[in-house]
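> Sequence plus predicted model, see below.
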Amino acid sequence: MKIYKISLAFLLFVISACNVSKDIQTPKPALPANFRDAATASDTSSIADIAWKTFFTDPVLQKLIDSAIEKNYDMQIAVKNIEASQLLLKQVKWNNVPTADLNITASSERPSNNSLDGLSISQYNLGSNHIEDYSANVSVSWEADIWGKIRNQSKSALAAYLQTIEAKKAIQTGLVATVSQGYYNLLMLDAQLDIAQSNVKLNDSTLRIIRLQYDAGQVTLLAVQQAQAQQQSAAELIPQFEQNIAIQENALRILTGELPDKIARNAILDQLPVPENLATGVPAALVSHRPDVKGYEEALVMANANVGINKAAMYPALRITASGGVNSFKASNWFNIPSSLFGIVAGSVVQPLLDHKELSTQYKVTEVEREKTVLQFRQSVLNAVGEVSDALVKIEKLKQQQTIAAGRVSTLQRATSNASLLFKNGMANYLEVITAQSNVLQGELELASIKRDELSAVSELYRSLGGGWK
């Protein structure tokens, strides 16, 4: 009966030892019921669930994004990281398998006549003053996973593998947003180039009229110079926009893994619609949609596993070793079986002593690292909610700006037309015409910029909700 109690106590000890450290579960961050400035409060659907090819319908943009996902070097590196972590995951599964080594040795020693070995040779009359030893054996070693060290190593390797997958998704969401925003910027530059070229033509017409009036003595040379300066100011914008277009094209081509070159396109900025009723879902969905947040979840799993591994290192290790083969002190008898056969089986318990303080410190460090990972997870969720809220307010306020700017441009265009008519009929001076043309140029350029910002804000909302990796 007493033996039964000891066995039961030992069994309970082993069971309790299987989990030497307590895992911290993924915390539930304090999240609002809805995003700030969200249009609807009850809709749980999100644009993050929409595949990027459905969300972005422009054929040229789709081609650019598709090329970036396939050829972008950051994406290719991410794929290689996945391959490397997958190999490590497969390798760690072998940690429960005993290690085996084949050893073949042959040695010859000529000991001193006054040494113990030398005296033994002369005492036993072996007929040689050399000691020879020939051995061929297989040694096997196995460590019992009592404290869960190997199990935690497997957890850590799996979490690392899953984290590389989430990292690839995060790179893809960023690429989709960056390529789309670059494309919208390119279309804005196209529109601004057209605006500048149209304004130069308008200024040319005004300059010709003023020169005719100057020749007729109706205006001074100052009027001609100011009109010419206005025309040159508009003309100066053309090479600037052409330069920016080339740089943006190069940047997009590099993002897509291609050499810098032109990008063929047919879309016009004004014809691109800004999506309405952009569903954001609920903030709680960010944890499952955002790859970076999911990556921190896997990092917490790894941190838990590292705590368990370092805790287990402080406990005794049970190791079983076995070795067997053939051994002989004469080469002629080396493989004389069964006489040369030998075998050894041993068990050992190794308890760290002098390095226990170092192991204890390392264990405490991993606990601190785990706490840091929890904070990083909470921070990632908080940043994600902030990014969504920022994108929502941008979309809403840019929509209001666009309405005001469009009305202002319409007013300025009518004013420019009226100023030209009045000037031709001698009812307005040249300064009023120049001022009207300058104002309409700046207004149209600003309107194109606002339209680009609107489309970019939609892309940013899509990314911040976790869209783009599907």
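On my side now, so go ahead. Residues are numbered from 1 along each chain as shown.
> ok, what's across the strand from S328?
Y134 (DSSP bridges).
> can you give me the strands for this structure?
In the chain, the strands defined using DSSP state E lie at 99-109, 131-143, 317-328, 341-350.
> Compare those strands and give me the one nearest N185.
strand 99-109 (58.0 Å; CB to CB). Where C-beta positions appear, they are placed from N, C-alpha and C, glycine not excepted.
> re earlier: now render the strands of the chain as a markdown table, adding distance to L278, mean neighbour count and mean pLDDT.
Shown next, in a markdown table, are the strands of the chain (distance: least, CB to CB, whole Å; neighbours: other CB atoms under 10 Å; pLDDT from 0 to 100):
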| stretch | distance to L278 | mean neighbour count | mean pLDDT |
| --- | --- | --- | --- |
| strand 99-109 | 57 | 10 | 83 |
| strand 131-143 | 56 | 16 | 82 |
| strand 317-328 | 57 | 16 | 82 |
| strand 341-350 | 61 | 11 | 80 |
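> Could you work out which of those reaches nearest to L189?
Of all those, strand 99-109 sits nearest to L189, with 63.3 Å by CB to CB.
> returning to what we had before: so can I have JSON lines of the strands of the chain showing distance to L175?
Output for the strands of the chain, formatted as JSON lines (distance: least, CB to CB, whole Å):
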{"stretch": "strand 99-109", "distance to L175": "43"}
{"stretch": "strand 131-143", "distance to L175": "45"}
{"stretch": "strand 317-328", "distance to L175": "47"}
{"stretch": "strand 341-350", "distance to L175": "50"}
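> Which one of the ones you listed lies nearest to K262?
Of those, nearest to K262 by CB to CB is strand 99-109, at 59.8 Å.
> Now K93. Nearest residue, chain neighbours left out?
Leaving out its chain neighbours, the residue that sits closest to K93 by CB to CB, 6 or more residues apart in numbering is S154, at 6.7 Å.
> quick check: longest helix of the chain.
Looking across the chain with DSSP state H, the single longest helix is helix 356-424.
> Which strands or helices does that helix pack on?
Using 3 or more CB pairs under 8 Å, 6 or more residues apart in numbering; DSSP states H and E, the elements in contact with helix 356-424 are helix 149-215, helix 286-289, helix 291-312, helix 430-464.
> can I have stretch 331-339 written out in PDB, keeping just the CAs?
Coordinates of each C-alpha in stretch 331-339 appear next as PDB, following Å, rounded to 0.1, in the frame of the first residue of the first chain:
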ATOM      1  CA  ALA A 331      42.700  -5.300 -35.700                       C
ATOM      2  CA  SER A 332      42.500  -9.000 -36.600                       C
ATOM      3  CA  ASN A 333      39.800  -9.600 -34.000                       C
ATOM      4  CA  TRP A 334      37.900  -6.300 -34.600                       C
ATOM      5  CA  PHE A 335      35.000  -8.000 -36.300                       C
ATOM      6  CA  ASN A 336      35.200 -11.300 -34.500                       C
ATOM      7  CA  ILE A 337      31.500 -11.800 -33.700                       C
ATOM      8  CA  PRO A 338      30.200 -12.400 -31.100                       C
ATOM      9  CA  SER A 339      33.400 -12.200 -29.100                       C
END
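> And the residue nearest to K93, how far from W147?
14 Å (CB to CB, to the nearest Å).
> Compare neighbour counts for those two and give me the winner.
Remark: of S154 and W147, W147 carries more neighbours, 24 against 18, as counted by other CB atoms under 10 Å.
> for the closest residue to A406 other than its chain neighbours, what are its contacts?
Nearest non-adjacent residue to A406, counting by CB to CB, 6+ apart: L447, 6.1 Å away. By CB atoms under 8 Å, 6 or more residues apart in numbering, the residues touching L447 are Q402, A405, A406, V409.
> Relative to Q231, how far out is the last one?
So the one you mean is V409. Distance check for V409 against Q231: by CB to CB, it reads 20 Å.
> Name all residues that make contact with P316.
V349, V350, Q351.
> Any stretches of the stretch 1-150 of the chain with poor pLDDT?
The model of the stretch 1-150 of the chain has pLDDT under 70 over residues 1-21, 33, 37-43, 112-129.
> for it, what spans make up the helices?
Remark: helices assigned in the stretch 1-150 of the chain by DSSP state H, counting those that start in this stretch are 2-17, 52-55, 59-71, 73-92, 116-124, 149-215.
> Can you tell me which of those helices is packed in deepest?
helix 149-215 (a mean of 20; mean count of other CB atoms under 10 Å).
> hang on, the earlier thing: output the helices and strands packed on helix 356-424 in CSV, with distance to F35 appended to each entry.
Output for those, formatted as CSV (distance: least, CB to CB, whole Å):
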stretch, distance to F35
helix 149-215, 18
helix 286-289, 9
helix 291-312, 15
helix 430-464, 10
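> show me the contacts for the residue nearest to K93.
Taking CB under 8 Å, 6+ apart, we find S154 in contact with V92, K93, N95.
> ok, back up a step: can you lay out the contacts of P316 as JSON lines showing distance to T366?
Listed next are the contacts of P316 as JSON lines, based on distance: CB to CB, whole Å:
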{"residue": "V349", "distance to T366": "24"}
{"residue": "V350", "distance to T366": "21"}
{"residue": "Q351", "distance to T366": "20"}
